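>>> make a model of this:
(chains A and B)
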Amino acid sequence: MRALIKYLTLLAATSFLFLEIATRLLNLSGHAVPAKLITEDNLYVPGTDSVWIKGGLGEIQSHYSINQQGFNSLIEYHVPGMEKLSIAIIGDSYIEGFHISVENSIGRLLESRLKDEAIVHEYGKSSGNIVDFGLIYQKHIKGNYDYCFVLISQQDLKQTKPGFMTRGDLIKPLNLQRRIYNQLSSVRYLNINHKLRLKIEQVFNEKLSFGQTDKLDSDSNDVDQINTDAISMFDSSVVFLYEEDRLSHEIVNQLGRETIRINHDHLPKDFGFDHHWNLNGRINCAETILQYVSNPTQRIK
Amino acid sequence: MLFNSIDFVIFLPLVFIIYWVVGSYNLRLQNVFIILSSYIFYGWWDWRFLSLIFLSTIVDYSVGIGMRNNSDRRKKKFLLAISIVVNLSLLGFFKYYNFFLENFIDAFSFLGYGLGGSTLEIILPVGISFYTFQTLSYSIDIYRGKLEPTNDIIAFAAFVSFFPQLVAGPIERAKNLLPQITTKRYFVIKEGMDGIRLGLWGFFKKIVIADSLAPSVNHIFANYQELGSGILILGAVFFSFQIYCDFSGYSDIARGIAKLLGIDLMVNFNFPYFSRGIAEFWRKWHISLSTWFRDYLYIPLGGSRGTTFQSIRNVFVIFVVSGFWHGANWTFLIWGTIHAFLFVPSFISNTNRVYLDDLRVANYFLPALKEIVLIIKTYLLVTIAWVFFRAPTVYEAMDFLNCIIDWSSQKGTFLNPYDNQPLFKEYFYLIAFIAIEYLLVTNTISLFSKKLVPSLIVDATFILLIIINSPINNDFSFIYFQF
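Here you go, the predicted model:
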């Protein structure tokens, strides 16, 4: 048995070395986008410009660029003037768009389709929920834009606490452990590309909880759980975007707000793990908004 | 619990440590631990179906004891009938109830009689075909006097539920597995190292080959009418390797884990795609099932001892039943029947036992030209039959083959079903895999090594390839779990 333990130790070390070399040589591992407090909101460090890498074989390698306001965008978000049509889009990682190059974000796709007669600002951040979206709306958008679209999902609508807005205390200090983590390409690869930590947490939180799952997850169709206070933070002119598989018709009807469904006309190339977070997914969203802006009376219900 | 899941990565080391710590004190306790860990492993899918394994265990254990205590042949036969009825009823209800009902209603409506009756929402318990066959063989062997029944219900329950091979085989015989469970086990480093290598080789086949090919196979079979002949042939070839690597990968993982626990399971696959005839293919593919049908169905039917007609009938029976064992669908029946037709010529001409030796290198790296031709021919015939196995209906299988023959349509790119992504990775891995298999089957290389450094390099390379090719969001289940 002692010989086996010795062999397994050597094997673990060799495998780790192989993985470290492979992830560096094949450029399979990216860095987590650094976070920063921007007026108490947990956003990204302005000016960060790098490549976002995802997938076991680095299938997705996209350019991202953080603007001065802390969002992934090629442009700065100054209060838009009257000379162009102004559009704001709020949402989660779908709007944030790390899975495609920032040059092809929904905003840029929409602007090119509107022949550069519009300016589009994307307020997207992963971990965002309806409370974050309401706070963003109140802080940056209300009264400043011609159109405001908010991407919502069933889970987002039920949250009662913000995920990043006003949550400045979430930034982790750069301690020794984090410094080592940043230096080890293989560990970042396992954690970011393969979601290893998340998967291990799931085993312990879900499988070993013997049925005591999160009430929100187990009863996701319950319209009573919708955070109506957060929804009331938006003016009546705001249009809610949704995807059919992420929001039930029952909730759409209960909302009592203007909603449009994103048409997935272009099938996403998803590599088996990147559901709708790719160029085709972004084109679908841009064209849905374009259709609404071009002819709001013929919108899709 | 899937072998290729994070759950199992956590589960296995814990089981391994506790198993050997407990085993150093008490064999009975070690067997109790096998049952406990096996029930956790199986209950991870659906704990309710543990009752079926428990029922099967109790029935066959009792039948075994009953047969030992009764010398009367008729009573023994009655007890055997109980075992057969209980096990086949479980299988019949969960696996075949809806199939028979649907076909019964269809047959009557075809004759103009409208029959009532609706199918049930039955969930197929994972691996039911495997463990019911395993327990059945125990009772039959005792009835035939080839095996002494065990008094030790703990050992018997461990034999039935032994988690490495519980859900997709190899279908072990009590003669092989039970004595290993009833005797004290010692950890042997060589066996442990071989177990690690075998397990990694199995994971490599499953994750790197089978799971890489799966999306393309699904895409091609789902859109076959839109695709050209070249791509459809590619789809059939990809599926042939997907199912081989998926299933033999599982068997290798099972054998590897069993070795780590000090238990030797039977070889289930022996490089079947290098067979020089259908008969040889069936001696090398899913060996535990083929031998099961040979011993418990073909030979009792008379085997090859009767007239030529009776012998051919017996061949057809085992191939058709073997097809039906895989699933309640006409496609599996047709698949089995095709293999019967492919097998019968060699059976009649008495050439079915020609190639009993291993494939050998004759000229440089290659075998004799005649053997190469026979290998390719056998592979093509097997691959055509796989289309019926993979297609959802017989009509679609026929249509798929018809579309292959229809060279007039020039649909899609020649050997790539996608218009927006390359297939380089799939080709690379597949060619590399065939090359490794060839070197293994000709004994040019060995999977196992006694030297430390080569062992470390090979194992670490397997681990690297398994990690970087692991699916991100969903772990692909094993194809044979549905059977």
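>>> contacts only, for residue 285.
As the question left the chain open, I've gone with chain A. With contact set as C-beta atoms under 8 Å, 6 or more residues apart in numbering or on different chains, A:C285 has these partners: A:94, A:106, A:151, A:241, A:262. Just so you know, the C-beta spots here come from the backbone N, C-alpha and C atoms, and that holds for glycine as well.
>>> my bad, chain B
By C-beta under 8 Å, 6+ apart, the neighbours of B:W285 are B:269, B:272.
>>> out of the contacts of A:C285, which comes closest to chain B?
The closest of the contacts of A:C285 to chain B turns out to be A:Y94 (C-beta to the nearest C-beta; 16.0 Å).
>>> wasn't the closest one part of a strand?
No. According to DSSP: H, G, I helix; E, B strand; the rest coil, the state of A:Y94 is helix, so it is not within a strand.
>>> ok, it touching A:L151?
Yes. Counting by C-beta atoms under 8 Å, A:Y94 does reach A:L151; the two are 5.9 Å apart.
>>> overlap in contacts, these two.
Shared contacts of A:Y94 and A:L151 (C-beta under 8 Å, 6+ apart): A:124, A:285.
>>> got any ranges where the chain has weak pLDDT?
Looking at chain A here, since you left the chain open. A:169-171, A:207-223, A:267-270, A:272, A:275-277, A:296-301 (pLDDT under 70).
>>> wait, I meant chain B there
Counting by pLDDT under 70, chain B shows low-confidence ranges at B:113-122, B:407-414, B:419-421, B:474-483.
>>> let me see the domain layout of it.
Taking automatic domain parsing as the reference, chain B has its domains at B:6-186, B:191-276+B:355-482.
>>> got JSON lines for those domains, with mean neighbour count and distance to B:S288 too?
Converted to JSON lines, the domains of chain B look like this (neighbours: other C-beta atoms under 10 Å in any protein chain shown; distance: least, C-beta to C-beta, whole Å):
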{"stretch": "domain B:6-186", "mean neighbour count": "18", "distance to B:S288": "4"}
{"stretch": "domain B:191-276+B:355-482", "mean neighbour count": "18", "distance to B:S288": "5"}
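>>> among the contacts of A:C285, which lie within strands?
Taking DSSP state E as the definition of strands, the contacts of A:C285 contribute A:151, A:241.
>>> okay, and residue 198 sits in which element?
Picked chain A for this. Assigned by DSSP states H and E, A:L198 belongs to helix A:196-205.
>>> sorry, I should have been clearer: chain B.
With DSSP H and E as the test, B:L198 turns up in helix B:189-203.
>>> can you name the residues in contact with that helix?
Identification of contacts with helix B:189-203 by C-beta under 8 Å, 6+ apart yields A:1, A:3-4, A:7-8, A:11, B:3-4, B:248-260, B:262, B:264, B:447-448, B:455, B:458-459, B:462-463, B:466.
>>> before we move on, what about stretch A:43-51?
A:30-31, A:33-38, A:61-72, A:125, A:164.
>>> out of those residues, which are inside strands?
Counted as lying in strands by DSSP E, out of the contacts of stretch A:43-51, are A:35-38, A:61-65.
>>> farthest-separated two in those?
Distance extremes for the ones in strands among the contacts of stretch A:43-51: the farthest pair is A:L37 and A:Q61 at 29.0 Å, using C-beta to C-beta.
>>> and the residue of chain B positioned farthest from its centre, which of the three is it?
Distance from the C-alpha centroid of chain B peaks at B:G112, with 40.8 Å (C-alpha atoms, centre = their mean). Using three-state DSSP, the secondary structure recorded for B:G112 is coil.
>>> gap between it and A:T228?
Going from B:G112 to A:T228 by C-beta to C-beta, to the nearest Å gives 59 Å.
>>> picking that back up, now the residue farthest from the centre of chain B: how far from chain A?
43 Å (C-beta to the nearest C-beta, to the nearest Å).
>>> hang on, the earlier thing: nearest to chain B among the ones in strands among the contacts of stretch A:43-51?
A:Q61 (14.3 Å).
>>> ok, the closest one touching A:L26?
No. A:Q61 lies out of contact with A:L26 (C-beta under 8 Å); the separation is 10.8 Å.
>>> what's the overlap in contacts for those two?
With C-beta under 8 Å, 6+ apart as the test, A:Q61 and A:L26 reach no residue in common.
>>> just to revisit the earlier point, out of the domains of chain B, nearest to A:F16?
Here domain B:191-276+B:355-482 is closest among the domains of chain B (C-beta to C-beta), at 8.7 Å.
>>> on that earlier part again, buried residues in the helix holding A:L198?
The neighbour-count criterion (16 or more other C-beta atoms under 10 Å in any protein chain shown) identifies A:196, A:199, A:203 as the buried residues of helix A:196-205.
>>> out of these, who's nearest chain B?
Distances from chain B to these, taken as C-beta to the nearest C-beta, are shortest for A:K199 (4.4 Å).
>>> got the contact list for the nearest residue to the closest one once chain neighbours are set aside?
Excluding its sequence neighbours, the residue lying closest to A:K199 (C-beta to C-beta, 6 or more residues apart in numbering or on different chains) is B:I6, at 4.4 Å. Neighbouring residues of B:I6 by C-beta under 8 Å, 6+ apart: A:196, A:199-200, A:202-203.
>>> could I get the residues you listed as CSV with distance to B:I128?
Formatted as CSV, the contacts of B:I6 follow (distance: C-beta to C-beta, whole Å):
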residue, distance to B:I128
A:L196, 33
A:K199, 29
A:I200, 31
A:Q202, 28
A:V203, 26
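>>> B:Q242 touches B:N218, doesn't it?
No. In this structure B:Q242 lies outside contact range of B:N218 using C-beta under 8 Å: 9.6 Å.
>>> quick check: phi and psi on A:S50?
The phi/psi pair for A:S50 (degrees, to the nearest 10) reads phi -160, psi -170.
>>> which residues does it form beta bridges with?
Assessed by DSSP bridges, A:S50 has beta-bridge partners A:Y64.
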